[in-house]
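*Asks:* Kindly return the folded structure for what I paste below:
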Amino acid sequence: MAGLSLLHTSDVHLGAAFGFLGASGRDHRDQLKSTLSRVVDLALTSRVDVLLIAGDLFDSAYPHPSLVGEVLYQLQRLDSEGIWTLITPGTHDRLQPGGVYDGKELSQLSHLHVFREREMRPFRLEGLDLTVYGRATSPEGGDVLSGFHADGGSKWQVGMVHASFLVPGKVERDEMMVSEYGISACGLDYLALGHWHSVADYSSGSVTAFYSGPPEPLEMGKGEEGKVLLVELVEGSPAQVKPIPVGRRRLQRTDIDAGEVGGPPELYAYLRRKADPDLALEVAVKGAWGEEWMDCDWDRIEEELTPLFFHFRLVPAPHELSKLDVEAFPEKTVVGRFIRMAREEMASRSGEDLRIAEEALRLGLTSLTGKDMGN
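*Replies:* Numbering: from 1, shown residues only. All right, here's what the predicted structure looks like:
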């Protein structure tokens, strides 16, 4: 056999609620099932040898029976063609008594293996001269590859874990970690990683290691497409990894500087050009102060643009007050004092906490000034 072909995915999160998408959450939840079907289609048309699912296939250890049935149906398509599916339980669909990986449903498939051990264990596929090492997610922490090395009993050595990559000073704690040293010393031809939600290359030494990211995006981000990784193992060469888009939707959160856009008509035209029924777009408009924005009907803009997107939200971000705007409300006034206190509070926040504080400022200014600051 000249080589092997693998399809690597993770973090499908079947059953996730997507409450942040509002009324569109149900549609996106259903889309995950359609995207899993596309992943299986790709495995069949590409004639891969193995499908690797590196954790969080389900969003819960106790998914609805219909979701288990859907997975069983899709993986039966691979099973009937002799294509193996290997699964590691993740942080969401972890091993639990009576959980999805503790039942008999998935054991019906002869070409399916779930890694239920809590340390790296080999699973040998004799016909492929392949050994795959994997383990279930558990809360031990530390570098799960520390002290691990593939035994060389097969021509091909592949690993799969659901863990964070250790980045000193940035990412140092999680239930399971992998390190640059652990990867470089593990002796694998390829390490399939899950848990982080974007495609990322963490190869080290002679070992090729990748996060696949989810096949369908799961949270508001940069608007990236969901992908899977087609991995080709060829003797004498490093593993060749090709990202392949399979997701339908894009989820994007972006900031716009009102001063650079112009005014409300220009903002509407700019956003109108982005219209896409498969795009979820949340826009924070910063610095929307001054005469051209004073009478902006934010609700009207959002109402007219919403039908043109899968999901749309327009959020004025009043924390971007200019020095002149602040000085228009002296500190001794109620509004001035409120603005300064809010800015101090926001300076200590980030991410979703910052967005909550921004919304509090908007609501407070609306109440104190009697002018609608948008929503």
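
*Asks:* Give me the outermost residue of the chain relative to its centroid.
*Replies:* What lies farthest from the middle of the chain is residue 332; by CA atoms, centre = their mean that is 46.1 Å.

*Asks:* What count of nearby residues applies to residue 165?
*Replies:* Residue 165 has 21 neighbours, counted by other CB atoms under 10 Å. C-beta coordinates here come from the backbone N, C-alpha and C atoms, glycine included.

*Asks:* how about the residue farthest from the centre of the chain, secondary structure?
*Replies:* The three-state label given to residue 332 by DSSP: H, G, I helix; E, B strand; the rest coil is coil.

*Asks:* Please look at residue 29 and residue 15 and confirm they touch.
*Replies:* Yes. Using CB atoms under 8 Å, residue 29 is in contact with residue 15, at 7.0 Å.

*Asks:* Low-confidence ranges, this protein, go.
*Replies:* The chain contains residues with pLDDT under 70 at 1-2, 141, 317-329, 350-352, 354-355, 358-359, 362, 366, 369-375.

*Asks:* So which bits of the strand ranked longest in the chain are buried?
*Replies:* As assigned by DSSP state E, the longest strand anywhere in the chain is strand 276-286. Within strand 276-286, the residues that count as buried by 16 or more other CB atoms under 10 Å are 279-286.

*Asks:* Please name the residues that touch residue 146.
*Replies:* 179, 182 (CB atoms under 8 Å, 6 or more residues apart in numbering).

*Asks:* swap that for residue 192, please
*Replies:* Counting by CB under 8 Å, 6+ apart, residue 192 makes contact with 6, 8, 10, 52, 54, 158-161, 210, 212, 229, 231.

*Asks:* could I get those as CSV with neighbour count?
*Replies:* Below are those laid out as CSV (neighbours: other CB atoms under 10 Å):
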residue, neighbour count
6, 28
8, 27
10, 30
52, 27
54, 27
158, 28
159, 30
160, 27
161, 29
210, 21
212, 28
229, 22
231, 24
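
*Asks:* Among those residues, name the ones in strands.
*Replies:* In strands, defined here by DSSP E, the members of the contacts of residue 192 are 6, 8, 52, 158-161, 210, 229, 231.

*Asks:* At the geometric centre of this protein, which residue do we find?
*Replies:* The chain, centroid-nearest residue using CA atoms, centre = their mean: residue 197 at 3.2 Å.

*Asks:* Give me the secondary structure label for that residue.
*Replies:* Looking at residue 197 with three-state DSSP, the answer is coil.

*Asks:* Verify the stated contact: it with residue 220.
*Replies:* No. Using CB under 8 Å, residue 197 makes no contact with residue 220, being 11.4 Å away.

*Asks:* picking that back up, and of the buried residues of strand 276-286, the nearest to residue 72?
*Replies:* Comparing the buried residues of strand 276-286 against residue 72 with CB to CB places residue 280 closest, at 29.6 Å.

*Asks:* Distance check, that closest one against residue 308.
*Replies:* 12 Å (CB to CB, to the nearest Å).

*Asks:* Over to residue 38?
*Replies:* 25 Å.

*Asks:* More neighbours: those two, which one.
*Replies:* More crowded of residue 38 and residue 308, by other CB under 10 Å: residue 38, with 18 against 15.

*Asks:* buried sites along the helix or strand hosting the more buried one?
*Replies:* Element membership for residue 38, per DSSP states H and E: helix 25-45. Within helix 25-45, the residues that qualify as buried are 28-29, 31-33, 35-36, 38-40, 42-44, counting by 16+ other CB under 10 Å.

*Asks:* and it, what does it pack onto?
*Replies:* strand 3-9, strand 50-53, helix 65-79, strand 227-234 (3 or more CB pairs under 8 Å, 6 or more residues apart in numbering; DSSP states H and E).

*Asks:* Reformat the ones you listed as a markdown table; add distance to residue 268.
*Replies:* Below are these laid out as a markdown table (distance: least, CB to CB, whole Å):
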| stretch | distance to residue 268 |
| --- | --- |
| strand 3-9 | 39 |
| strand 50-53 | 43 |
| helix 65-79 | 40 |
| strand 227-234 | 32 |
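
*Asks:* Please identify the deepest-packed of those.
*Replies:* Greatest average neighbour count among the helices and strands packed on helix 25-45 goes to strand 50-53 (a mean of 26), per mean count of other CB atoms under 10 Å.

*Asks:* for that strand, packing partners?
*Replies:* Applying 3+ CB pairs under 8 Å, 6+ apart, we find strand 50-53 packed against strand 3-9, helix 25-45, strand 84-87, strand 130-134, strand 156-162.

*Asks:* Redo these as CSV? Include distance to residue 193.
*Replies:* Below are the helices and strands packed on strand 50-53 laid out as CSV (distance: least, CB to CB, whole Å):
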stretch, distance to residue 193
strand 3-9, 9
helix 25-45, 17
strand 84-87, 14
strand 130-134, 11
strand 156-162, 6
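
*Asks:* Figure out which of the ones you listed is closest to residue 296.
*Replies:* The minimum distance between residue 296 and the helices and strands packed on strand 50-53 falls on helix 25-45, with 28.3 Å, by CB to CB.

*Asks:* got the angle for that closest one vs strand 227-234?
*Replies:* Helix 25-45 runs at 20 degrees relative to strand 227-234, counting by axes from the mean of the first three to the mean of the last three CA atoms, to 10 degrees.

*Asks:* what's helix 25-45 in contact with?
*Replies:* In contact with helix 25-45 (CB under 8 Å, 6+ apart) are residues 7, 9, 12-19, 21, 51, 67, 70-71, 74-75, 77-78, 81, 83, 215-216, 226, 228, 230, 244, 246-249, 280, 310.

*Asks:* mind running it again at 6 Å?
*Replies:* Identification of contacts with helix 25-45 by CB atoms under 6 Å, 6 or more residues apart in numbering yields 7, 9, 12, 14, 18-19, 21, 51, 70, 74, 77, 215-216, 228, 246-248.

*Asks:* Alright, I will stop here.
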